[in-house]
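S.K.: dropping the sequence and predicted coords here.
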Amino acid sequence: MSWTDERVETLKKMWGEGQSASQIAKELGGVTRNAVIGKVHRLGLSNRTTTGAAALKSEPKAKPAPKAEPKAKPAAPKPAAPEMKTEAAAPPKSNLPARKQIIPAGQPLPPQPSANEISPEALAKVNEIEKKAKKIGLMELTERTCKWPVGDPATEDFWFCGLPVQQGKPYCEAHVGVAFQPMSARRDRRR
């Protein structure tokens, strides 16, 4: 369908009469309501304030001569509102804990308190195991490899342990000893 001069004139006439885009599309045939709306916008006809029926009713057939309007008395000035001073209220105090600091990617993490709570024997065992570790990458992990991460993920020196896992756990024996601690040991450290 192309917009011929005749079709554009029909569109302008119907739009000026206040016809809806749907009605214009039916009359023209072969175009959708959206096509009519798009053409109206491209032609710059979109600022229509009244519908066709309202426009016909609101136009008087003959305009009566304007009557001289009496001069209005000036309005009395309104009294000024009293000035109100406002001060910023203090933020409400909350019983919620303070938010933790967000560390951007690539920045080293601060020392974790749990690292200090691990027994020296477990740490010694982990250090020995990590010397024997396979040092594999993420894509080399399987169900049977230890998934304990070592190093900073933002650096090239990051790797996973890769040793055989303990039955039903995601880590090797040494890393299970660090990751899963008995309940009594955790309770004792808190005291």
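M.R.: Ah, there it is.
S.K.: hey, let's count contacts and neighbours off CA atoms from now on
M.R.: Fine.
S.K.: quick check on the residue nearest to Gln107 when sequence neighbours are not counted: phi, psi?
M.R.: Distances taken as CA to CA, 6 or more residues apart in numbering put Ala154 closest to Gln107, at 7.9 Å, once the chain neighbours are dropped. Here is the backbone geometry of Ala154 (degrees, to the nearest 10): phi -80, psi 0.
S.K.: start at 711, not 1
M.R.: Fine by me, first position is 711 from now on; the one you just mentioned is Ala864.
S.K.: so Ala864 touches Pro814, yeah?
M.R.: No. In this structure, Ala864 is not within contact of Pro814 by CA atoms under 8 Å, at 10.6 Å.
S.K.: the more surrounded of those two?
M.R.: Ala864 (11 against 8; other CA atoms under 10 Å).
S.K.: and the pLDDT for the more buried one?
M.R.: We note a pLDDT of 88 for Ala864 in this prediction.
S.K.: now Ala735
M.R.: Reported pLDDT for Ala735: 92.
S.K.: what lies in contact with the helix or strand encompassing it?
M.R.: For Ala735, the element it lies in under DSSP states H and E is helix 731-738. Under the criterion CA atoms under 8 Å, 6 or more residues apart in numbering, residues 717, 720-721, 724-725, 741-744, 746-747 lie in contact with helix 731-738.
S.K.: any buried residues in the next helix or strand after that helix, and which?
M.R.: Using DSSP H and E, the helix or strand that follows helix 731-738 in sequence is helix 743-753. For helix 743-753, burial by neighbour count (16 or more other CA atoms under 10 Å) applies to 746-747, 749-750.
S.K.: reformat the residues you listed as JSON lines; add distance to Ala731 and pLDDT.
M.R.: As requested, the buried residues of helix 743-753 are exported to JSON lines (distance: CA to CA, whole Å; pLDDT from 0 to 100):
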{"residue": "Val746", "distance to Ala731": "6", "pLDDT": "90"}
{"residue": "Ile747", "distance to Ala731": "6", "pLDDT": "90"}
{"residue": "Lys749", "distance to Ala731": "10", "pLDDT": "90"}
{"residue": "Val750", "distance to Ala731": "9", "pLDDT": "90"}
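S.K.: how about those in CSV, adding distance to Ser732?
M.R.: Below are these laid out as CSV (distance: CA to CA, whole Å):
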residue, distance to Ser732
Val746, 8
Ile747, 9
Lys749, 13
Val750, 13
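S.K.: quick one: low-confidence ranges for the protein?
M.R.: Confidence mapping of the chain against pLDDT under 70 gives the ranges 711, 756, 758-811, 813, 816, 819-828, 892-901.
S.K.: many thanks, we can stop here.
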